[in-house]
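Engineer: A structural model of the following input is requested.
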Amino acid sequence: MALETIFQNWIFTDFVLPFLLIFFIVFAVLEKTKVFGEDKKQIDALVAFVLGLIFVGFAYPKGIVQNMVLFLSVALVVVFVVLMLWGFSTGKDLEVSKTWVTGIITVVILIAVVLALIWASGIDAGVINFFFNQSWSKTFWTNALFVIVVAGALAVVLKEWIFSGSLFVMQKHI
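Structural biologist: Here you go, the predicted structure:
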């Protein structure tokens with residue numbers, strides 16, 4: 001049997017942490033807005049204390065806040081990973097921020113982070129089954145690959161035409 005630490009105890013997770021979170025948020029807001037006036041820290045602390053106690057007495061709002069804090073934690077980690085990958089792949093000295101390489105790096109990073117989230121959350125088997133083991137998946141992926149190849153070929157061909165000025169010359173005559 002796994003040992004339970006104080007941080008995993010139901011009293012700590014269901015009462016102490018939510019109380020402290022609400023107490024500090026309410027106290028900080030009251031101090032910043034100065035609702036009760038200048039230098040009224042005792043009143044701000046008492047109001048924050050009472051609101052924190054009222055908050056932990058009700059399960060539904062406490063559950064909402066706990067879920068939002070969990071979402072915030074995961075979102076911050078995802079943003080941190082994206083920024084770390086971006087920093088490692090571009091760096092300050094590369095000067096690629098104004099080229100097409102930046103777009104490719106951004107797409108690769110976003111795809112990697114989405115795939116990592118799918119894997120880390122444990123829904124990878126369901127997603128793979130949904131996209132690749134359905135009756136429609138073979139037709140979909142064949143058509144998607146065809147559209148990507150045609151779009152790539154058009155981009156290569158039209159890139160020279162657009163940048164050579166032919167498009168701008170045609171617009172003047174129309």
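Engineer: how much space separates the most centrally placed residue in the chain from L117?
Structural biologist: The centre of the chain sits closest to A75, judged by Cα atoms, centre = their mean, with a distance of 4.3 Å. For A75, the distance to L117 equals 10 Å [Cβ to Cβ, to the nearest Å]. No exception for glycine: its C-beta is placed from N, CA and C like everyone else's.
Engineer: rewinding a little: list the buried residues of the host helix or strand of the residue nearest to the centre of the chain.
Structural biologist: Following DSSP states H and E, one finds A75 within helix 59-90. Across helix 59-90, burial judged by 16 or more other Cβ atoms under 10 Å covers 62, 65, 85, 89-90.
Engineer: which strands or helices does it pack on?
Structural biologist: The contact analysis (3 or more Cβ pairs under 8 Å, 6 or more residues apart in numbering; DSSP states H and E) places helix 59-90 against helix 17-33, helix 41-56, helix 100-121.
Engineer: adding distance to T142, mean pLDDT and mean neighbour count, write these out as a markdown table.
Structural biologist: As requested, the helices and strands packed on helix 59-90 are arranged in a markdown table below (distance: least, Cβ to Cβ, whole Å; pLDDT from 0 to 100; neighbours: other Cβ atoms under 10 Å):
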| stretch | distance to T142 | mean pLDDT | mean neighbour count |
| --- | --- | --- | --- |
| helix 17-33 | 51 | 94 | 16 |
| helix 41-56 | 55 | 94 | 15 |
| helix 100-121 | 20 | 82 | 13 |
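Engineer: do you know which of these lies nearest V81?
Structural biologist: helix 100-121 (6.1 Å; Cβ to Cβ).
Engineer: from the chain's centre, how far out does the following helix or strand past the closest one sit?
Structural biologist: Scanning forward in sequence from helix 100-121 by DSSP H and E, the next helix or strand is helix 124-132. Computed by Cα atoms, centre = their mean, to the nearest Å, the chain-centroid distance of helix 124-132 equals 22 Å.
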